[in-house]
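Novice: When you get a sec, could you give me coordinates for this:
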Amino acid sequence: MNNTKLLALFLLFTVIAFGCKKDDDVVIEEKFTAEISGSSYAATSINYQAVFGIYSIIASDGTIELSIQLNGNEEGTYEVGGADKSFTVSYDLFSTESGTVTISEKNTNDKTLKGTFNFVLTSGLPGVPDAVVTNGEFLVKY
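Specialist: I've put the predicted structure just below:
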């Protein structure tokens with residue numbers, strides 16, 4: 001009887017110790033989507049970089065690469081040419097004309113940033129229309 005109780009306790013301890021899921025096992029699926037001049041865009045490759053106080057989200061769908069550079073990574077709205085919180089976008093020969101990037105959530109436990117973006121990119125070349133980026137959403141690991 002004693003051996004049965006010891007075996008039961010051992011099995012109970014084993015299930016408790018090894019059966020519980022750790023928080024580290026949570027899988028975060030990164031996301032970067034938008035509409036570019038009315039066409040859907042969904043990145044298949046997303047990278048986050050922090051260099052000298054500039055925080056970059058670099059997204060590519062294999063054809064188009066967008067790179068958003070922020071002068072911070074705290075929650076809030078970043079504007080083109082903003083005094084405290086500003087951003088720029090790199091896309092081919094286009095430059096950022098206007099728009100916003102909003103970091104709505106900085107999760108320090110999961111090390112993720114979540115937010116939205118909308119902006120207008122201009123080439124400055126005659127006959128080349130602006131690229132209007134709307135309904136942008138991102139979730140990236142930092």
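Novice: give the contact list for the residue lying closest to Gly99 once chain neighbours are set aside.
Specialist: Distances taken as C-beta to C-beta, 6 or more residues apart in numbering place Phe119 nearest to Gly99, at 2.4 Å, with adjacent residues excluded. Where C-beta positions appear, they are placed from N, C-alpha and C, glycine not excepted. Phe119 makes contact with Val80, Val89, Thr96, Glu97, Ser98, Gly99, Thr100, Val101, Val133, Gly136 under the criterion C-beta atoms under 8 Å, 6 or more residues apart in numbering.
Novice: among those, which ones are buried?
Specialist: Buried by 16 or more other C-beta atoms under 10 Å: Val80, Val89, Thr96, Gly99, Thr100, Val101, Val133, Gly136, out of the contacts of Phe119.
Novice: Could you export these as TSV, including distance to Thr63?
Specialist: Formatted as TSV, the buried ones among the contacts of Phe119 follow (distance: C-beta to C-beta, whole Å):
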residue	distance to Thr63
Val80	25
Val89	17
Thr96	20
Gly99	22
Thr100	25
Val101	22
Val133	15
Gly136	17
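Novice: Which of those residues sits closest to Val26?
Specialist: Relative to Val26, the closest of the buried ones among the contacts of Phe119 is Gly136; by C-beta to C-beta it sits at 24.6 Å.
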